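S.K.: predicted structure and sequence below. I'll ask about it afterward.
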Amino acid sequence: MSLGLNILYFAPCELYEGLGGSARLENMTSIFQQLGLKIRLISYITKEKFKVKHEKINNLLSMTKIYVSRSSPKLIKALVIPVLLLYGLKYVKKSEIIFAHAPGIMTGFPAMILARLFNKPLIIDHMDVKDPDTPRIIYDMVLRYSTAVFTISHYLEEEVKRKFKKKAIYVPIFIDTTLFQKNDLERKKIRKNLGIRDKDILIGYVGSFWYVEGVPVLLKAFKSLIKKYENIRLIVIGRMNVQSDNIPLLIEKLSLRKNAILIPQQPRKLIPNYLSACEILCSPKIDCEINRAANPVKVIEYLAIGLPVVCSAVGGIVDAIKDGFNGLLVKPGDIKDLEEKLEWIILNPEQAKEMGKNGRKTVIENYSSNSIETKIKQALIKIRDITKDAL
């Protein structure tokens, strides 16, 4: 049943970029379209010099993208808020619901202003801890004046409940399991292109090189493993940002050029193919508040492929992975523990294969678009009905 609603959606990233928040944005807009919602997406993107670009994707999704240089001073970036409001004003009257990707100053704040001015319900999709650019007073104000707050992790759910108990709705990370599944044909192609032999055991990591991801922990554990297993290889797919570990330099320092393959960030639609080429998938996140609040989409994507995974026991990962059943958990930052868990999978391929099957089943039942769609639909119907009653 189509809900027939118009949604004004504010986001701090670009649709189809492929990582983290962009993956959530892609999956959420996909669900909205399946429910028959018409979306006007206004995105604030820090990439290049200032410009505004409009794009119509289809009959249900149109975008306004506002670009500003990463190197711009904070004051200049803050001046984009009136631009966000200006374009929001253009579409708000025709929108039944305002939706904002995080309670930040560049998304939740303009969404809250418009919601208050035009008496529209506001939903915040709460995905992360407070960003450093958003003052606490604004962060709390956005949550206070929201109608509902979707939270991707129980950590964030508890944060909202402490102050605004009735607003929190747990909506975990979810993915399209028809896209994220093992592809044996693409597996063969990629392994051939990368020079990976049939007997080689390929360990895979996909994501950013941001320091919280803990990629150096994986590289150091892998360094120890290759002393015992000459047929193991490592593929690291991602990109650097201002807070990144210098992964290319570390690969050189650890003398891993012959065993580790470094590949730049790939379009999201190609990620399942690279994951399919592996035998083991790994997320070695460190322990920090950012990761405690997170429910990383990469881990759900790993599990969906149906391969054994080894991931740090932090944040939403411990909700998705039951140690020994659908994956292995390691102590964050513990190189030796990670090495031992990776080695266990190498030495126990049949048991590891069963864990992989359980991982995909877990995603289909709890983290697939189909499993989450009903929850989102019920929340939207409730908000719509409450709004109608108030009017």
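M.R.: Cool, got the structure. Numbers count the residues shown, from 1 in each chain.

S.K.: could you pull out the strands in the stretch 101-250 of the chain for me?
M.R.: Chain-ordered strands for the stretch 101-250 of the chain, with DSSP state E, counting those that start in this stretch as the definition, fall at 122-126, 148-151, 168-170, 201-206, 232-238.

S.K.: can you give me the domain assignment for the chain?
M.R.: Taking automatic domain parsing as the reference, the chain has its domains at 6-174+369-390, 184-366.

S.K.: between the two ends of the shortest one, what distance do you get?
M.R.: What that stands for is domain 184-366. Using C-alpha to C-alpha, to the nearest Å, the end-to-end distance of domain 184-366 comes to 25 Å.

S.K.: pLDDT of it, averaged?
M.R.: Looking at domain 184-366 alone, the average pLDDT works out to 96.

S.K.: now the longest one
M.R.: Per-residue pLDDT values over domain 6-174+369-390 give a mean of 90.

S.K.: got the strands of the stretch 101-250 of the chain as a markdown table, with mean neighbour count and distance to residue 276 columns?
M.R.: Every residue, glycine included, has its C-beta placed from N, CA and C. Conversion of the strands of the stretch 101-250 of the chain to a markdown table gives the following (neighbours: other C-beta atoms under 10 Å; distance: least, C-beta to C-beta, whole Å):
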| stretch | mean neighbour count | distance to residue 276 |
| --- | --- | --- |
| strand 122-126 | 26 | 29 |
| strand 148-151 | 25 | 31 |
| strand 168-170 | 19 | 30 |
| strand 201-206 | 23 | 9 |
| strand 232-238 | 22 | 12 |
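
S.K.: distance to residue 337 for the ones you listed - can I get that in CSV?
M.R.: Formatted as CSV, the strands of the stretch 101-250 of the chain follow (distance: least, C-beta to C-beta, whole Å):
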stretch, distance to residue 337
strand 122-126, 31
strand 148-151, 29
strand 168-170, 29
strand 201-206, 15
strand 232-238, 18
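
S.K.: which one of the ones you listed lies nearest to residue 226?
M.R.: With respect to residue 226, and counting by C-beta to C-beta, the nearest of the strands of the stretch 101-250 of the chain is strand 232-238 at 6.0 Å.

S.K.: tilt between that closest one and strand 201-206?
M.R.: Going by axes from the mean of the first three to the mean of the last three C-alpha atoms, to 10 degrees, strand 232-238 is angled at 10 degrees with respect to strand 201-206.

S.K.: strand 232-238: partners in the sheet, and parallel or antiparallel?
M.R.: Each strand that strand 232-238 pairs with, and the sense of that pairing, follows from DSSP bridges: strand 201-206 (parallel), strand 260-264 (parallel).

S.K.: pull the CA atoms of the first one into PDB?
M.R.: As requested, the backbone C-alpha atoms of strand 201-206 are provided in PDB (Å, rounded to 0.1, in the frame of the first residue of the first chain):
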ATOM      1  CA  ILE A 201      43.100 -17.500   1.200                       C
ATOM      2  CA  LEU A 202      42.000 -13.900   0.700                       C
ATOM      3  CA  ILE A 203      41.200 -11.700   3.700                       C
ATOM      4  CA  GLY A 204      39.100  -8.600   2.900                       C
ATOM      5  CA  TYR A 205      38.500  -5.200   4.400                       C
ATOM      6  CA  VAL A 206      36.300  -2.600   2.800                       C
END
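
S.K.: can you list contacts of that strand?
M.R.: Residues outside strand 201-206 that contact it (C-beta atoms under 8 Å, 6 or more residues apart in numbering): 191, 196, 215, 218, 222, 229, 231-238, 266, 271, 274-275, 277-284, 298, 301, 342, 346.

S.K.: same deal with stretch 33-42?
M.R.: Contacts of stretch 33-42 with the rest of the structure, by C-beta under 8 Å, 6+ apart, involve 1-11, 15, 29, 32, 58-64, 66, 84, 87-88, 91, 95, 369, 373, 376-377, 380.

S.K.: if we go to 7 Å?
M.R.: The set of residues external to stretch 33-42 that reach it, using C-beta atoms under 7 Å, 6 or more residues apart in numbering, is 2-11, 15, 29, 32, 60-64, 84, 87-88, 91, 95, 373, 377.

S.K.: re the thing from before, which of the contacts of strand 201-206 are buried?
M.R.: Among those, those buried by neighbour count (16 or more other C-beta atoms under 10 Å) are 191, 196, 215, 218, 222, 232-238, 271, 274-275, 277-284, 298, 301, 342, 346.

S.K.: may I have stretch 338-352 exported as PDB, CA atoms only?
M.R.: Output in PDB follows, covering the C-alpha atoms of stretch 338-352 (Å, rounded to 0.1, in the frame of the first residue of the first chain):
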ATOM      1  CA  LEU A 338      42.600 -10.800  15.800                       C
ATOM      2  CA  GLU A 339      45.500 -13.000  14.600                       C
ATOM      3  CA  GLU A 340      44.300 -16.000  16.500                       C
ATOM      4  CA  LYS A 341      40.700 -15.600  15.300                       C
ATOM      5  CA  LEU A 342      41.700 -15.300  11.700                       C
ATOM      6  CA  GLU A 343      43.900 -18.300  12.100                       C
ATOM      7  CA  TRP A 344      41.000 -20.300  13.600                       C
ATOM      8  CA  ILE A 345      39.000 -19.700  10.400                       C
ATOM      9  CA  ILE A 346      42.000 -20.800   8.300                       C
ATOM     10  CA  LEU A 347      42.300 -24.000  10.200                       C
ATOM     11  CA  ASN A 348      38.600 -24.800  10.500                       C
ATOM     12  CA  PRO A 349      37.100 -24.100   7.100                       C
ATOM     13  CA  GLU A 350      34.000 -26.300   7.400                       C
ATOM     14  CA  GLN A 351      33.000 -24.800  10.700                       C
ATOM     15  CA  ALA A 352      33.700 -21.300   9.400                       C
END
